[in-house]
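Participant: I would like to see how this sequence folds:
(one chain, ligands or ions: 2)
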Amino acid sequence: MVNDKLQNSNIRPVETILVIDDSPTNLEVLYTTLADAGYEVLVEMDSLEGIEQAKNNPPDLILLDIMMPKVNGFEACSKLQSNPVTKDIPIIFMTALSDTVEKVKGFQMGAVDYITKPFQQEEVIARINVQLKLRRLNLELDQQKQKLEERVAERTAELSEALEELQKTQLQLVQTEKISSLGQMVAGVAHEVNNPIGFISTNLYHASQYARDLINLLQLYRQKFPQPGTEIEEIIEAVDLDHISQDLPKLISSMKLGSDRIRGIMQSMRTYSRADGKEKKAVDIHEGIETTLMILQHRLKPQTFRPAIHVVKEYGNLPLIECYPGQLNQVFMNLIANAIDAIDESVQDKNWEGDKSKIDKYLTPENVLTVPLICICTTADKENVTIQIGDNGKGMDLSVRDQIFQAFYTTKPEGKGTGLGLSISYHIITEKHGGTLECITSPGKGTEFIIQLPFYTKSN
Ligand SMILES: Nc1ncnc2c1ncn2[C@@H]1O[C@H](COP(=O)(O)OP(=O)(O)OP(=O)(O)O)[C@@H](O)[C@H]1O
Ligand SMILES: [Mg+2]
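Facilitator: Numbers count the residues shown, from 1 in each chain. Ligands and ions are numbered 1, 2, ... in the order given. Below is the predicted model of the structure:
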């Protein structure tokens with residue numbers, strides 16, 4: 001503060017000069033000359049005490065006599081220069097007019113100048129002024145350099161922050177783009193499959209009528225003409241007409257069941273792809289979960305390294321939820337895909353046994369860890385719906401768990417994970433929907449994510 005004021009008003013603080021000389025006469029002359037010129041003057045007759053003085057109270061400049069008892073000027077100079085506190089203080093040697101060799105040695109030792117005895121007062125002042133001015137300029141330069149370095153560091157930090165932000169936005173765009181192109185692909189497939197499945201189910205209806213009519217007619221024939229002749233009887237036996245008559249209607253009705261299922265899947269695919277996320281809609285959360293599971297079906301199937309992942313669902317009675325359905329689907333997709341990854345990654349540590357036929361046996365609480373499982377559970381109270389998505393995969397230790405919602409945090413190999421799934425999901429649940437997303441996990445045992453969403457809904 002004081003320094004600022006002095007700088008602003010161009011008034012310099014009084015500069016201090018330390019004179020070290022064993023001759024009282026010299027000291028007296030120099031003291032008077034320098035004090036008259038406005039400097040604060042400290043004097044020492046002993047070089048070691050002079051060095052101490054310089055350390056304890058560093059002056060702006062030192063006048064140092066060369067010829068002194070005990071420690072001479074050169075030795076004192078090298079001691080001053082080897083101490084970090086005093087090494088930058090300019091030193092002017094004092095020497096007799098004829099000592100050219102000593103002058104040279106003085107410069108080699110790091111002195112900035114010399115003054116010759118007997119002293120010419122004006123010369124002494126002029127030389128001191130020049131050195132002090134140089135020192136001031138050097139100090140200013142150092143300050144400027146430091147300020148500049150600080151600014152460069154600040155700017156670099158700002159730039160790298162901006163770069164990180166940019167990369168984050170880019171990757172978020174890629175994720176959103178990925179989800180929306182998935183939506184488009186789903187819509188395209190649904191559209192393409194829609195017509196052929198339409199023919200099949202309409203024609204199956206007629207086919208079942210025709211089959212029934214033909215079978216009735218055949219039975220009537222057999223009643224009216226019980227002895228059609230050997231040739232026909234042989235064929236009836238060969239094709240097992242009784243079996244055909246019984247089986248054909250069953251066969252057609254199971255084909256109808258299959259085509260109805262495909263139509264159902266196509267319907268939910270269309271719902272999924274229409275969930276564009278631009279405006280809030282009241283939707284059935286279960287539909288979003290089901291479609292997500294359907295899209296991830298291929299990953300749930302048995303793999304060479306593990307049996308199929310069994311999905312246990314406990315769906316509560318939920319009202320329609322006002323939300324951005326496309327975004328919530330993105331959250332379900334991220335959480336369920338992570339659960340599948342965690343199960344796949346636990347293959348080395350776990351001995352998955354069993355297949356679907358044994359599932360019920362394994363679903364007892366003690367054995368629950370021997371079959372790969374994803375549990376999805378939904379409940380509603382007066383204000384919120386809760387969606388729990390749990391897996392019995394590899395789980396996480398605390399150091400991982402504490403970072404999972406950070407953008408770019410991933411434990412997956414490069415190219416497999418971007419580390420954005422959970423940070424985007426967290427953003428969608430908390431900021432877009434005013435909900436909460438929590439994670440409970442334990443290494444080797446599994447992980448559960450709990451989503452809570454408030455609902456502002458119309459009832460069903
Ligand atoms: N169900 C889970 N079980 C164990 N670890 C999990 C689970 N879900 C997330 N994690 C850990 O959290 C990390 C971050 O998950 P996140 O979904 O954000 O990124 P990612 O899956 O690695 O990559 P991506 O951006 O492709 O989703 C994962 O790398 C994983 O270590
Ligand atoms: Mg993920």
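Participant: low-confidence stretches in this structure?
Facilitator: For the chain, the stretches with pLDDT under 70 are 1-12, 97-98, 179, 272-278, 348-369, 456-460.
Participant: contact residues of the chain facing ligand 1?
Facilitator: 334, 338-339, 342, 391, 393-396, 400, 404, 409-412, 417-423, 447 (CB under 6 Å from any ligand atom). Yep, even glycine has a C-beta here, placed from its N, CA and C like the rest.
Participant: and with 8 Å instead?
Facilitator: 175, 334-335, 337-339, 341-342, 345, 391, 393-396, 400, 403-405, 409-412, 416-425, 439, 441, 446-447, 449 (CB under 8 Å from any ligand atom).
Participant: ok, which of those also contact ligand 2?
Facilitator: Counting by CB under 5 Å from the ion, the subset of the residues of the chain next to ligand 1 that neighbours ligand 2 consists of Asn338, Gly421.
Participant: which of the residues of the chain next to ligand 1 count as buried?
Facilitator: Among the residues of the chain next to ligand 1, the ones that count as buried by 16 or more other CB atoms under 10 Å are 175, 334-335, 337-339, 341-342, 391, 393-396, 404-405, 410, 417-425, 439, 441, 446-447, 449.
Participant: return the subset of the residues of the chain next to ligand 1 lying in strands.
Facilitator: Among the residues of the chain next to ligand 1, the ones falling in strands (DSSP state E) are Asp391, Cys439, Thr441, Gly446, Thr447, Phe449.
Participant: for the third one, give me its contacts.
Facilitator: By CB atoms under 8 Å, 6 or more residues apart in numbering, Thr441 lies in contact with Gly395, Met396, Arg401, Thr447, Glu448.
Participant: show me the contacts for Gln452.
Facilitator: For Gln452, the contact set (CB under 8 Å, 6+ apart) comprises Asn384, Val385, Thr386, Gly435, Thr436, Leu437.
Participant: quick one: buried ones out of those residues?
Facilitator: Buried among the contacts of Gln452 by 16+ other CB under 10 Å: Asn384, Val385, Thr386, Gly435, Leu437.
Participant: secondary structure and distance to Val371 for those residues - can I get that in TSV?
Facilitator: What follows is those, written out as TSV (DSSP: H, G, I helix; E, B strand; the rest coil; distance: CB to CB, whole Å):
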residue	secondary structure	distance to Val371
Asn384	strand	31
Val385	strand	28
Thr386	strand	25
Gly435	coil	31
Leu437	strand	27
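Participant: return the member of those residues nearest to Ala282.
Facilitator: Val385 (12.4 Å; CB to CB).
Participant: name whatever forms a beta bridge with that closest one.
Facilitator: Ala380, Leu453 (DSSP bridges).
Participant: mind checking the end-to-end distance for stretch 401-411?
Facilitator: 11 Å (CA to CA, to the nearest Å).
Participant: can you list contacts of it?
Facilitator: 168, 171, 396, 400, 417-420, 422-423, 426, 437, 439, 441.
Participant: could you list which of those residues belong to helices?
Facilitator: Lys168, Leu171, Val400, Leu422, Ser423, Tyr426 (DSSP state H).
Participant: tally of neighbours for Glu15?
Facilitator: 17 (other CB atoms under 10 Å).
Participant: that one and Ala37, how far apart?
Facilitator: 10 Å (CB to CB, to the nearest Å).
Participant: count of neighbours near Ser181?
Facilitator: 10.
Participant: tell me what the one helix or strand it maps to is packed against?
Facilitator: Element membership for Ser181, per DSSP states H and E: helix 121-224. Packing partners of helix 121-224 (3 or more CB pairs under 8 Å, 6 or more residues apart in numbering; DSSP states H and E): helix 24-36, strand 61-65, strand 91-96, strand 113-117, helix 241-274, helix 325-345, helix 421-427.
Participant: tell me which of those sits most buried.
Facilitator: strand 61-65 (a mean of 26; mean count of other CB atoms under 10 Å).
Participant: just how off-centre is that one within its chain?
Facilitator: 59 Å (CA atoms, centre = their mean, to the nearest Å).
Participant: next: stretch 423-433.
Facilitator: The answer for stretch 423-433 is 15 Å, by CA atoms, centre = their mean.
Participant: please apply the same query to stretch 87-104.
Facilitator: With CA atoms, centre = their mean, you get 62 Å for stretch 87-104.
Participant: likewise stretch 376-392?
Facilitator: Computed by CA atoms, centre = their mean, the chain-centroid distance of stretch 376-392 equals 27 Å.
Participant: which positions within that stretch qualify as buried?
Facilitator: So stretch 376-392, judged by 16+ other CB under 10 Å, has buried residues 376-378, 380, 384-392.
Participant: and stretch 104-111, by the same measure?
Facilitator: In stretch 104-111, counting by 16+ other CB under 10 Å, buried: Lys105, Gly106, Met109, Ala111.
Participant: for it, the distance to its chain's centre please.
Facilitator: 58 Å.
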